[in-house]
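# Give me a 3D structure for the following:
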Amino acid sequence: MECYDPHVPPAPAAWLALDEAERIALVTEFHRRARIRLPNAQMHAAFHATIENQLAMGDEIPVGGTLDRLMVDGLDRHEAIHAIASVLSAHMANVVGGKAGLSDPNTLYYAALDRLTAKTWRES
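Numbers count the residues shown, from 1 in each chain. A predicted model of the protein is given here:
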């Protein structure tokens with residue numbers, strides 16, 4: 001894989017064949033080429049890569065369904081990745097802060113994804 005464009009889904013096998021540093025570098029390069037200024041480009045790219053990883057997993061987790069739903073609601077694929085990443089970021093903060101409270105913290109993440117809409121993301 002030579003380049004990344006969040007508007008176009010990468011082939012799951014090709015994406016997952018890359019190591020994490022390569023994935024993050026591809027995402028960082030996209031944002032650099034697009035001249036998108038970010039307060040923390042590495043962290044932003046890491047979240048992008050994580051969401052793409054989850055999408056590449058297919059139906060194992062509900063991220064793909066959430067992406068599809070957000071796009072039907074009017075977000076483009078890049079915006080939908082950002083919306084999902086915002087849920088993941090909040091979820092990770094809760095897990096690290098000990099606020100998840102469940103033996104399987106993914107249950108809360110999946111529930112938050114289920115509640116996510118284009119409208120709630122735009123308003124946040």
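
# contacting residues for the residue nearest the centre of the chain?
The C-alpha lying nearest the average C-alpha coordinate of the chain belongs to I51 (Cα atoms, centre = their mean; 2.8 Å). By Cβ atoms under 8 Å, 6 or more residues apart in numbering, the contact list for I51 reads V63, I81, I84, A85, L88. All C-beta atoms are positioned from the backbone trio N, CA, C, and that covers glycine.

# Check A56 too.
Here A56 is in contact with P10, P12, W15, L16 (criterion: Cβ under 8 Å, 6+ apart).

# can you check F30 too?
Going by Cβ under 8 Å, 6+ apart, F30 touches C3, Y4, D5, P6.

# ranges for the helices of this protein?
For the chain, applying DSSP state H gives helices covering 12-17, 20-33, 41-56, 63-72, 77-96, 106-115, 118-123.

# is it possible to export these to TSV including mean pLDDT?
Output for those, formatted as TSV (pLDDT from 0 to 100):
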stretch	mean pLDDT
helix 12-17	96
helix 20-33	97
helix 41-56	97
helix 63-72	98
helix 77-96	94
helix 106-115	93
helix 118-123	96
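
# how close does the residue lying closest to V8 once chain neighbours are set aside sit to R23?
Nearest non-adjacent residue to V8, counting by Cβ to Cβ, 6 or more residues apart in numbering: R77, 7.5 Å away. Look at R77 and R23: by Cβ to Cβ, to the nearest Å, they are 16 Å apart.
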